[in-house]
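K.L.:
what shape does this take:
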Amino acid sequence: MKKEIEIHDFEQYGEELLEKYKVPGFAIGLAKDEEWNYEKEFGFRDTEAELPLSPDTIFGVGSLTKAFTAVAILQLQEKKKLNLNDPVINYLPEFKTPNEAQTKQITIHHFLTHTSGIPPLPTLMGAVKKSMEKDLNLEENQQQENPLDAIQAIDTHAELMDAIAKAAFTPIGEPGTEFSYSNDAYALLGAIIERVSGKPYELYVQENILELAGMHHSGFQLEDLEYEDIAVLYDTQQKEDKEMIVRSNNPLDAPAMRAAGFLKSTVNDMLQFAEMIRNDGMVDNVRILSPESVASMTTPYIQCEKGTYYGYGLMIIPDFFGYKLIQHGGDIKGVAAQMNILPEIGLTGIALANVAGAPSSKLLFSAFSSYLGKPVDATHLNVEFVDLAPGSLKELEGTFLSGDGLKIEFYVEDDSLHLAAAGLADAVLQPIGDDQFLFPMKEMDSIIRFVRDEDKQIDRIEFAFRQIPKVEEGN
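P.N.:
Below you'll find the predicted structure:
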């Protein structure tokens, strides 16, 4: 089969990055106009037993699940069982937030686009609490400042809505005006799917997406798949100031949040799904969605980072070396996933790894760059660095804390602004203007923006697609 990317350059680059991040197993596949174009596996699905990977090895796909949830919602709209402009409370009357007036304004569209105004909340930790408690290495993994016993378990959609109703938070904006990535919103889209369809979310997705698309090795529970080619889950631990990759085999689960990020799948199966998006809703002559619904999924409704926009369960980069790129990633314990689609040239790609933090996104972007004749480490971002007076950086110092536990600190050293956060190497930020900075995160060029309040004081940041408030001034 013809391989149309520069295999040597990409594979050498891939081996270097995967070794740098100590990734146990990584699989990548590209297809052109529904035909396999390239596939490669690095490492093993089980390093101890040296069991090989294949395009049919099952991995977790994390937040790529959100695209399936969006497809399900759009299918139900096509059947006239709901409308995306309907208020959420039409289907979930018990849904409440601290702002009653805004609660009534939040629509399904706002949930799909992460624009409900709900900030990051600690609910995901509650949703995965019971599966975390099964981890044999829990004491080593758990951060002392956020012990599990202080977290309320969330096992149902009702408990999730109750937790949101009781949470003390200020909406980050009127519905539809501000983007902040929300697992809660997608979890509750799963609840809407259940109420409208009359079926459990997982069963609805199985019958109306996975089976129709020929995704025979995909599902939400590994034990239901009755299949042996499954990647062992690995985890990262700190031991004596050294980062270690350890075998875990305790995948996180969250019954209340499966619609947000808990699907398991393979490179082959995910390429089937990507082909459906690329081919206006059809795969293997089976229609999953109408062309109009696919168009609505891939419409750039709101900017979530400079040069990147959000549709429905998918991100859109309008200018990826001159082409429109549709993409999404997923990262959770034992999962680092990325899906890319270039509809204009018929190219789709999937990259899956079995440890969180693996550079799956960078490697799939690199494969696509190489396919387009660009250097394997090229970036599509078109930014210009600017010079800032060293004194102007001091006002950016401080600590920012997300409701879901992400803590970021900024400090000035050697006339440069630095970022420090758990799980990330300390980084020097490069100013690109308008309170925005470029920095590398898992090898991908990312952008952070400082947001000011009405008094022009730093109020929060846009980081990792989330809006995170400032909680402490710098020294």
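K.L.:
helix or strand: which one has the spatially most central residue of the chain?
P.N.:
Centroid-nearest residue in the chain, with CA atoms, centre = their mean: Gly330, separated by 3.7 Å. Secondary structure from DSSP states H and E places Gly330 in strand 323-332.
K.L.:
packing partners of that strand?
P.N.:
The contact analysis (3 or more CB pairs under 8 Å, 6 or more residues apart in numbering; DSSP states H and E) places strand 323-332 against strand 59-62, helix 65-78, strand 315-320, strand 335-342, helix 360-371. No exception for glycine: its C-beta is placed from N, CA and C like everyone else's.
K.L.:
could you pull out the buried residues of the first one?
P.N.:
The reference is to strand 59-62. Across strand 59-62, burial judged by 16 or more other CB atoms under 10 Å covers Phe59, Gly60, Val61, Gly62.
K.L.:
what about the strands in the stretch 251-400 of the chain?
P.N.:
263-265, 282-283, 286-287, 302-305, 308-310, 315-320, 323-332, 335-342, 347-353, 398-401 (DSSP state E, counting those that start in this stretch).
K.L.:
so what strands line up beside the fifth one?
P.N.:
To tie it back to what came earlier, the one meant is strand 308-310. Strand pairing for strand 308-310, determined by DSSP bridges: strand 302-305 (antiparallel), strand 315-320 (antiparallel).
K.L.:
now the longest one against strand 323-332, angle please.
P.N.:
Orientation of strand 315-320 against strand 323-332 (axes from the mean of the first three to the mean of the last three CA atoms, to 10 degrees) gives an angle of 140 degrees.
K.L.:
can you give the distance of strand 315-320 from its chain's centre?
P.N.:
16 Å (CA atoms, centre = their mean, to the nearest Å).
K.L.:
with stretch 461-475 instead?
P.N.:
For stretch 461-475, the distance to the chain centre is 19 Å (CA atoms, centre = their mean).
K.L.:
low-confidence ranges, the stretch 51-200 of the chain, go.
P.N.:
In the predicted model of the stretch 51-200 of the chain, residues 136-149 satisfy pLDDT under 70.
K.L.:
same thing but at 90, please
P.N.:
130-152, 168 (pLDDT under 90).
K.L.:
please enumerate the helices of it.
P.N.:
65-78, 100-105, 108-112, 123-132, 138-141, 157-166, 183-197 (DSSP state H, counting those that start in this stretch).
K.L.:
hmm, back to that, quick one: the strand holding Gly330 to chain centroid distance?
P.N.:
Taking CA atoms, centre = their mean, one finds strand 323-332 lying 8 Å from the centre of the chain it belongs to.
K.L.:
for the closest residue to Ser131 other than its chain neighbours, give me phi and psi.
P.N.:
Excluding its sequence neighbours, the residue lying closest to Ser131 (CB to CB, 6 or more residues apart in numbering) is Asp253, at 4.5 Å. Dihedral pair for Asp253: phi -140, psi 150, per degrees, to the nearest 10.
K.L.:
and Asp235, what does it touch?
P.N.:
Counting by CB atoms under 8 Å, 6 or more residues apart in numbering, Asp235 touches Asn137, Asn141, Ile245, Val246, Arg247, Ser248, Lys333, Gly334, Val355, Ala356.
K.L.:
just grab the bridge partners of it for me.
P.N.:
For Asp235, the beta-bridge partners are Val246 (DSSP bridges).
K.L.:
how close does it get to Leu53?
P.N.:
Remark: distance between Asp235 and Leu53 (CB to CB, to the nearest Å) = 18 Å.
K.L.:
swap in Ala336?
P.N.:
Taken as CB to CB, the span from Ala336 to Leu53 is 14 Å.
K.L.:
quick one: which of the two has more around it?
P.N.:
The neighbour count for Ala336 versus Leu53, taken as other CB atoms under 10 Å, is higher for Ala336 (28 against 23).
K.L.:
beta-bridge partners for that one, please?
P.N.:
Under DSSP bridges, the beta-bridge partners of Ala336 are Asp331, Ala353.
K.L.:
residues touching the strand holding Gly330, excluding its own?
P.N.:
60-67, 252, 261, 277, 298, 311, 313-318, 336-345, 356-357, 360-361, 368, 372, 380.
K.L.:
between it and helix 360-371, how big is the angle?
P.N.:
Relative orientation of strand 323-332 versus helix 360-371 (the same axes, to 10 degrees): 160 degrees.
K.L.:
okay, buried residues for strand 323-332 please.
P.N.:
Residues Tyr323, Leu325, Ile326, Gln327, His328, Gly329, Gly330, Asp331, Ile332 are the ones in strand 323-332 that count as buried (16+ other CB under 10 Å).
K.L.:
between these, which is nearest Gly398?
P.N.:
Nearest to Gly398 among the buried residues of strand 323-332: Asp331, at 25.6 Å, using CB to CB.
K.L.:
I'd like to know how many residues surround Ala150.
P.N.:
By the measure other CB under 10 Å, the count of residues near Ala150 is 9.
K.L.:
need the contact list for it.
P.N.:
Counting by CB under 8 Å, 6+ apart, Ala150 has no contacts.
K.L.:
for the one 3 residues further on, same thing?
P.N.:
By CB under 8 Å, 6+ apart, the contact list for Ala153 reads Gly126, Lys129, Lys130, Glu159.
K.L.:
CSV for those residues, including distance to Thr103 and neighbour count?
P.N.:
Listed next are those as CSV, based on distance: CB to CB, whole Å; neighbours: other CB atoms under 10 Å:
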residue, distance to Thr103, neighbour count
Gly126, 21, 21
Lys129, 26, 18
Lys130, 28, 16
Glu159, 18, 17
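K.L.:
so what's the closest residue to Gln206 other than its chain neighbours up against?
P.N.:
If the residues on either side of it in the chain are set aside, Gln206 comes closest to Gly219, at 6.5 Å by CB to CB, 6+ apart. Residues near Gly219 by CB under 8 Å, 6+ apart: Glu202, Gln206, Leu210, Leu225, Leu263, Lys264.
K.L.:
what kind of secondary structure is the first one in?
P.N.:
Here Glu202 is helix, with the state taken from DSSP: H, G, I helix; E, B strand; the rest coil.
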